[in-house]
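Asker: Next come a sequence and a model predicted from it.
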Amino acid sequence: MFNNFFHKMASPKYFYRISGRLIPWLAIAFVLVTLAGLYYGLVKAPPDYQQGDSYRIMFIHVPAAWMSMFVYVVMATAGAIGLIWRIKLAEVVAISSASIGAWFTFLALVTGSIWGKPMWGTWWVWDARLTSELILLFLYLGVIALYNAIDDKRTAARAVAILALVGVINIPIIHYSVEWWNTLHQGPTVTKLDKPSIHLSMLIPLLLMAVSFKLYYAFVVLMRARCEVLERERHTGWVRELAETK
Amino acid sequence: MSLNEFFNMGGYAFYVWTSYGIALLVLLINVILPLRQRKKLLGDIARAARRARRDTT
Amino acid sequence: MTSDSLTRAFALLLKRDLVLAVRHRAEMINPLLFFVLVTSLFPLGIGADPKLLQAVGPGVIWVAALLAALLSLEGIFRSDFEDGTLEQFLLSSHPVSVLVLAKVLAHWLITGLPLLVISPLLGVLLGLPGDAIIILLVTLALGTPVLSLIGAVGVALTVGLRKGGMILSLLVLPLYVPLLIFAASAVDTAAAGLPVTAHLSLISALLVLALSLSPLATAAALRISLS
Amino acid sequence: MIQTGNNTTLEAHALECVRDDRTLFSNLGFRLERGQALILEGRNGSGKTSLLRILCGIRLPDAGTITWDETDISKLGPDYHVHTAYVGHRDGIKLDLTPLENLAMARALGKPNDTTLEEALEKVDLYGFEDVLTRNLSAGQQRRLALARLLVTDTVLWILDEPFTSLDTDGIKSIENLLDQHTTNGGMLAVTSHHAVNLANTTIQRINLSELAA
């Protein structure tokens, strides 16, 4: 009974319809929160007494770094659900998350590097967070490469789920080991890419941007998942009807 | 605060605006890609359906 | 199935892989040769200053060990996949994870153990002090099984693919990072004459974790790859 | 482990298999009892091998279930495998081991029966080759060695994908005898074959996958 309910909720057709209605609202919420976040982050928040205005990169870098981890966890969780309960929709969400997560990681890396230039004088320092993000990017690329290499998409989705689960166990270990390595090999003199002694005026935009990125992820993952559903269900009646009425 | 000051970002204009620019670009790409993919997919599926119908009649 | 027959299957599979390895000696020696070769290229690349060599030595030896392991990984399942014996393992009446463990153990005996044996020689070549060489041995003894265990998951995921090799390195190398960090810095610390208990217990923890989870993940991955 | 009685059944309910966006078969069902053989027919690519692999439990059906004594085989796992033996396209033997070593491994993977390894080799006409590397045997001999794996464990259901490939007329005849004996002793068979399969003492069910798809 319980199972049936979930399988119906997770039926591709139902998902396609509901997500189509949800996406515009999420997108609007994203734009509003982002505008508020940008206003507080770029206009209202005062310059940092050490880093001047350069710290404002934090409002992108830190939420992007958070998202890179968050999306990986979502991907692994969805993958596990797909594996255990054979819910196809969970597989779809998992694989749709992979490339978005990779983009967030890329964004965190690039903005971290740009933020580091005025702070350290070079574009790249083996800072703990940047190094972790770099390895995380490799993990994401591995997931994407594996998915693309396997022809049968159902098999591919299940293989990816295993890989994501292995990855999600390793991420905390990698994170810890890199932190540890970082403290060994660099004196504490190098300022880390970290929230400057955080003040409420900086915390508000940081949290707003974090929410904004979550909303963004929510509607973009739905958009990607819809494409994936169409692709997988292309031979069913409802998809053909849909395609021909457009 | 003047508009000039705002864009100058205390001398860090290049770094700050490049970061925000790249962020905007990345966010846009991730919206445009699925939109285009969906349009292409629906087109492909419709064409395939028409072809299938022509073949059977 | 009784545990007795499981033990027999485990032992027989282990023996089978060792016999096959002896009949294919070249495959066993290649990674070892690679390990020695890569390590001895470093002084040629960065100069033979003893101080410099000693500083980079632990890292170089461990990175070379990582790459040598990577080179040999496909051997765990590839040939069994090609001749169909791998699917027979999945259809056996024993837990697949235990059979996987036998294969990984065989792989370690064939490729990991030789690295361990030859590594003191490389330590001497790179001018590591005696204490550090002993710690190098300990880290390799604890760490190379982890390389085989984690690698087995990657191979299991890619064994059905034509171009699995390239993807395999992308899947597996990031997962080797913590081990590389802990192991190389243990040797480094030992070379500086400091205690390394913390490092060694971290590596042991990795080994325990890999030992308990990787056979399960590998078995699941094999089922998916062969479906 | 479940005990298999005399009225063991293998049943398929509403099986569906999709490969590369193409539905190979759907709503396929059958019921197989002891002493019976299921022979799958159909063109190349009609899904015979896929169906056999689903019966083995290697591949998951895209819909439907297979039950062994009314329990889903995906829930039974090794408790199902202990009753089955599979000879696929690939022989499942190592060319760098001797026939004896190969059979010893095959036996250890399942539940051993009373047949000695030498007897099994004799039954497939490989006696005298037990210490030769399998690499040096002919294709037909290698295939017979693969089939000898069936004889060294105590199984009910034999799943055979083109068992007669590379066999000569005599070889085919002797294997057919083995299959017939197996069903007479209460075994089950699921076979695909391009050759006609002559089993005098066996009740045969045929499923033609090409016709099913049409």
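Answerer: Here it is on my side, so go on.
Asker: any idea of the pLDDT on the residue of chain B found nearest chain D?
Answerer: Closest residue of chain B to chain D, CB to the nearest CB: residue B:48 (10.6 Å). C-beta coordinates here come from the backbone N, C-alpha and C atoms, glycine included. If you check residue B:48, the pLDDT there is 84.
Asker: excluding its backbone neighbours, what's nearest it?
Answerer: Of all residues not flanking residue B:48 in the chain, residue A:234 sits nearest, at 7.6 Å (CB to CB, 6 or more residues apart in numbering or on different chains).
Asker: quick one on the thing from earlier: number of residues surrounding the residue of chain B closest to chain D?
Answerer: By other CB atoms under 10 Å in any protein chain shown, 14 other residues sit near residue B:48.
Asker: so it is in which element?
Answerer: Per DSSP states H and E, residue B:48 falls inside helix B:13-56.
Asker: for stretch C:131-138, what is the average pLDDT?
Answerer: In this model, stretch C:131-138 has a mean pLDDT of 93.
Asker: so, in contact with chain A or not, it?
Answerer: No - using CB under 8 Å from any CB of the partner chain, we find that stretch C:131-138 stays clear of chain A, coming within 15.5 Å at best.
Asker: ok, residues contacting the worst-scoring helix or strand of chain B on mean pLDDT?
Answerer: Between all helices and strands in chain B, the lowest mean by mean pLDDT, DSSP states H and E belongs to helix B:3-8, at a mean of 78. Helix B:3-8 is contacted from outside by A:42-43, B:13, B:17, using CB atoms under 8 Å, 6 or more residues apart in numbering or on different chains.
Asker: repeat for stretch D:179-192
Answerer: By CB under 8 Å, 6+ apart, the list of residues contacting stretch D:179-192 reads D:6, D:8, D:10, D:32-41, D:48-49, D:52, D:55, D:150, D:155-163, D:197, D:199-203.
Asker: Could you pick out the buried ones from the residues you listed?
Answerer: Buried members of those, counted by 16 or more other CB atoms under 10 Å in any protein chain shown: D:8, D:10, D:32, D:34-41, D:48-49, D:52, D:55, D:150, D:155-163, D:197, D:199, D:202.
Asker: Give me the contacts around stretch C:39-56.
Answerer: Contacts with stretch C:39-56, where a contact means CB under 8 Å, 6+ apart, come from C:60-61, C:64, C:122, C:125-129, C:191.
Asker: Of these, which belong to helices?
Answerer: Among these, DSSP state H puts C:60-61, C:64, C:122, C:125, C:191 in helices.
Asker: Are any of these buried, and if so which?
Answerer: Neighbour-count burial (16+ other CB under 10 Å) applied to these gives C:60-61, C:64, C:122, C:125, C:191.
Asker: Those residues: which two are farthest apart?
Answerer: C:64 and C:191 (17.1 Å; CB to CB).
Asker: how near is the residue in chain C positioned nearest to chain D to chain B?
Answerer: Closest contact between chain C and chain D, by CB to the nearest CB, is at residue C:84 (2.7 Å). Distance, residue C:84 to chain B, using CB to the nearest CB, to the nearest Å: 37 Å.
Asker: give me the element the closest residue to that residue other than its chain neighbours is part of.
Answerer: The shortest distance from residue C:84 to any non-neighbouring residue, by CB to CB, 6+ apart, is to residue D:90 (2.7 Å). Using DSSP H and E, residue D:90 falls within no helix or strand.
Asker: just residue C:98 next, same as before
Answerer: In the assignment (DSSP H and E), residue C:98 maps to helix C:96-107.
Asker: do that helix and chain A meet at all?
Answerer: No - judged by CB under 8 Å from any CB, helix C:96-107 makes no contact with chain A; its nearest approach is 13.3 Å.
Asker: how much space between residue D:31 and residue D:136?
Answerer: Applying CB to CB, to the nearest Å, the value for residue D:31 to residue D:136 is 44 Å.
Asker: just residue C:107 next, same as before
Answerer: 27 Å.
Asker: Likewise for residue C:136?
Answerer: According to CB to CB, residue C:136 stands 44 Å off from residue D:136.
Asker: who has more neighbours, these two?
Answerer: A direct count of neighbours by other CB under 10 Å for residue C:136 and residue D:136 places residue C:136 higher, at 28 against 11.
Asker: Might one say that the more buried one is in contact with residue C:61?
Answerer: Yes - using CB atoms under 8 Å, residue C:136 makes contact with residue C:61 at a distance of 6.6 Å.
Asker: got the phi/psi numbers for residue D:70?
Answerer: Residue D:70 adopts backbone torsions of phi 70, psi 20, taken as degrees, to the nearest 10.
Asker: so who does it touch?
Answerer: D:9, D:11.
Asker: Surely residue D:11 is within a helix?
Answerer: No - read with DSSP: H, G, I helix; E, B strand; the rest coil, residue D:11 is strand and lies in no helix.
Asker: Would you mind measuring from it to residue A:244?
Answerer: Note on residue D:11: its distance to residue A:244, by CB to CB, is 40 Å.
Asker: Please apply the same query to residue A:127.
Answerer: For residue A:127, the distance to residue A:244 - CB to CB - is 54 Å.
Asker: Surely residue A:160 and residue A:92 touch.
Answerer: No - contact criterion CB under 8 Å: residue A:160 and residue A:92 do not qualify, at 11.2 Å.
Asker: Can you read off the pLDDT for residue 160?
Answerer: With no chain named, the answer covers chain A. 95.
Asker: that's the other chain; I wanted chain C
Answerer: 88.
Asker: Residue A:190 too?
Answerer: For residue A:190, the model assigns a pLDDT of 47.
Asker: Contact partners for the closest residue to residue C:121 other than its chain neighbours?
Answerer: Leaving out its chain neighbours, the residue that sits closest to residue C:121 by CB to CB, 6+ apart is residue C:36, at 7.9 Å. For residue C:36, the contact set (CB under 8 Å, 6+ apart) comprises C:118, C:121-122.
Asker: So residue C:186 sits against residue C:135, correct?
Answerer: Yes - the pair residue C:186 and residue C:135 qualifies as a contact (CB under 8 Å) at a distance of 5.7 Å.
Asker: Compare neighbour counts for those two and give me the winner.
Answerer: The neighbour comparison of residue C:186 against residue C:135 (other CB under 10 Å) goes to residue C:186, with 27 against 24.
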